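Undergrad: Fold the stuff below for me.
(one chain, ligands or ions: 1)
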Amino acid sequence: MTSPEWTAIAATGASVAALAISRARARWQLSRAKHPSLQGHARLSKLLAGIVRLYEYDDSRFFCCDDAPADIAARRRMAFDRLTVTLADQAPVTQRETADLEPHLSDLQFVNAYRVPFQFRRRVARRLSAAALAAESHGVLLDDLDGNDAYDLSGSYGLNVFGYDFYKECIDVGIERVRALGPVLGLYHPVVADNVRRLKTISGLDEVSFHMSGTEAVMQAVGLARFHTRRTHVVRFCGAYHGWWDGVQPGAGNPRRVDDVYTLRDVDDRSLEVLRSRRDIACVLVNPLQALHPNAAAASDGTLVDSSRAGHFDRVAYTRWLQRLRDVCTERGIPLIFDEIFLGFRLARGGAQEYFGVRADLVTYGKTVGGGLPIGVLCGRRALMKRFDDDRPSSICFARGTFNSHPYVMGAMNEFLSRLDTPELQRSYDTVEEVWNARAATMNAVLGREEIPVRVANLTSIWIVRYTTPGRYNWMFQYYLRAAGLALAWIGTGRLIFSHNYTDADFDVVVKRFVAAARTMRDDGWFWHMPSQTNSAIRRQVLREMVRARYPRLPSLLGRSGRTARLA
Ligand SMILES: Cc1ncc(COP(=O)(O)O)c(C=O)c1O
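TA: Sure, this is the predicted structure:
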């Protein structure tokens, strides 16, 4: 071969090697930026979800799967029986009608199946009813069909920021405002113009689009980011929920394999490195609620197998993180999307953008902004909101939706947004953080004084219940709370949502009921644990049980826990 030929081969070889090295480096960076939990590994979580088999604790293990002594197990059993009777006697009509409805309502079957860890599921479902019907709301109370009222800690999935009566008024006044037009779709009622104007001011962005749910607003935000950047991949942070569209839900829970989402570590420099180096990132999605539990999903009691659930809000650290994320996105031309569907309007009138002092390119709102009716809103920079290409008529980012801008929803939203601008509501934001931090501190102080191994963490009025000693039965607490007249969402103690119309007197009642419930649960032996017990030992035990349930013929290599699992 001639020398120029050798040179050409060497140059090609060098380019291929450089490309391979750069690819390997990008791959390695991505791996480093994945959170080490299952949440951070979508494919693995999907794989495992397919492998895990149901097994249950039988009667002999149900009350002592933590190897509690006989007297503790007997105490728990008696308490379980007592609670069964209490819940049934308190609300016979509500319980009966819930039971009648369940076989016909898929959504109810789903939530009922995931209220407690699956090892306990069937016995709990048979004996401890979580009533699913309510007749009335007033103040901070919800009435069931038997006329019992319970303090609402469910917050209607986050919709309820200002109290149910507030939303009833928004709906009534709003519908009155648009009644003459009725359900005319396609044409807009003039209130839409006022809503758009107000949302632009709130978001500080140029344009608005209306959708029927938060999920759809997120779909639209992501679609537009892809359309305008012509890039493929979405970055979301580990644990963050952005609605049930499978395009932002890789991993377990999504039957489809999703290959265009990177799930990265939240609040972590390694993720910034990925954003700096990759060229396929169309947008970064942030759900600021994750500030309360970065890298963890909304804490459902269905996954409460031990006491490692954590929560801690550090405003300064999270603000710093959002600022750095903003800087990197700006540097790299990546649209930053704040998904404020949950948190918007709870922390500040201008939402998380105002509260953390960081601006996004696209912002989604939902839930509360509909004034009590179903809604999704997207606000964005003009260049990103455009759904078609001026130069290429066939290049479109298609989005419609029959019910978008429904006059009734727009009317209720208009009343909501108008009220938001009243001096009274504006003033309420000055103290909201202080008020709710003080209330959380009060709750923790009382729990501490009573030596109860339960604490709360909060981001203003969003609370997580934590358990401070290792235990297998923390999920029982939701039933004690319900029996004490506190209404919870189906995920139980993983998320308590208070509305801001709670007075100090209302809150005092909640503290009393909450602490009394926890005290009774402690006295009933559910928080008992062996002094040597740890959360990781519990998780190892459960893992061994799962393996044994899946592969029953495996030798006793699995150790002691083999006898703890009885297959269903
Ligand atoms: C942050 C966030 N994004 C999106 C959604 C989806 O909204 P929707 O349930 O209205 O579709 C939710 C719902 O809980 C949410 O909390």
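Undergrad: Need phi/psi at the closest residue to residue 303 other than its chain neighbours.
TA: If you skip the residues right next to it in sequence, residue 303 has residue 117 as its closest partner in space, 6.9 Å away by Cβ to Cβ, 6 or more residues apart in numbering. For every residue, glycine as well, the C-beta is placed using N, CA and C. In this entry, residue 117 is assigned phi and psi values of phi -50, psi 140 (degrees, to the nearest 10).
Undergrad: Make 14 the starting number, not 1.
TA: With the count now opening at 14, the last piece we talked about shows up as residue 130.
Undergrad: Residue 130 and residue 487: what is the separation?
TA: If you measure residue 130 against residue 487 using Cβ to Cβ, to the nearest Å, the figure is 10 Å.
Undergrad: Those two - which one has more neighbours?
TA: For the pair residue 130 and residue 487, the greater number of neighbours falls to residue 487 (27 against 22), based on other Cβ atoms under 10 Å.
Undergrad: my guess is residue 208 meets residue 425, correct?
TA: No. Using Cβ atoms under 8 Å, residue 208 and residue 425 do not qualify as a contacting pair, with a distance of 10.2 Å.
Undergrad: Between these two, which is the more surrounded one?
TA: Neighbours around residue 208 and residue 425, counted as other Cβ under 10 Å, are more numerous at residue 425. The numbers are 30 against 24.
Undergrad: Strands along the stretch 64-213 of the chain, start to end?
TA: Along the stretch 64-213 of the chain, counting by DSSP state E, counting those that start in this stretch, strands occupy 149-151, 154-156, 162-165.
Undergrad: how about TSV for the ones you listed, with mean pLDDT and mean neighbour count added?
TA: As requested, these are exported to TSV (pLDDT from 0 to 100; neighbours: other Cβ atoms under 10 Å):
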stretch	mean pLDDT	mean neighbour count
strand 149-151	97	14
strand 154-156	98	18
strand 162-165	97	23
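Undergrad: Which of those strands sits closest to the ligand?
TA: Among these, the nearest to the ligand by Cβ to the nearest ligand atom is strand 162-165 (17.1 Å).
Undergrad: For that closest one, name the packing helices and strands.
TA: Applying 3 or more Cβ pairs under 8 Å, 6 or more residues apart in numbering; DSSP states H and E, we find strand 162-165 packed against strand 154-156, strand 499-500, helix 517-536.
Undergrad: partners of the shortest one, with directions?
TA: For strand 499-500, sheet partners with direction are given as strand 162-165 (parallel), following DSSP bridges.
Undergrad: show me what contacts the residue of the stretch 64-213 of the chain found nearest the ligand?
TA: Here the stretch 64-213 of the chain gets closest to the ligand at one residue, residue 170, 5.6 Å apart by Cβ to the nearest ligand atom. Contacts here follow Cβ atoms under 8 Å, 6 or more residues apart in numbering; on that basis residue 170 touches 380, 502, 510.
Undergrad: among those residues, who's most crowded?
TA: Neighbour counts for these peak at residue 380, which has 25 neighbours (criterion: other Cβ under 10 Å).
Undergrad: Nearest residue to it in space, ignoring adjacent ones along the chain?
TA: Using Cβ to Cβ, 6+ apart and skipping the chain neighbours, the partner closest in space to residue 380 is residue 172 (4.4 Å).
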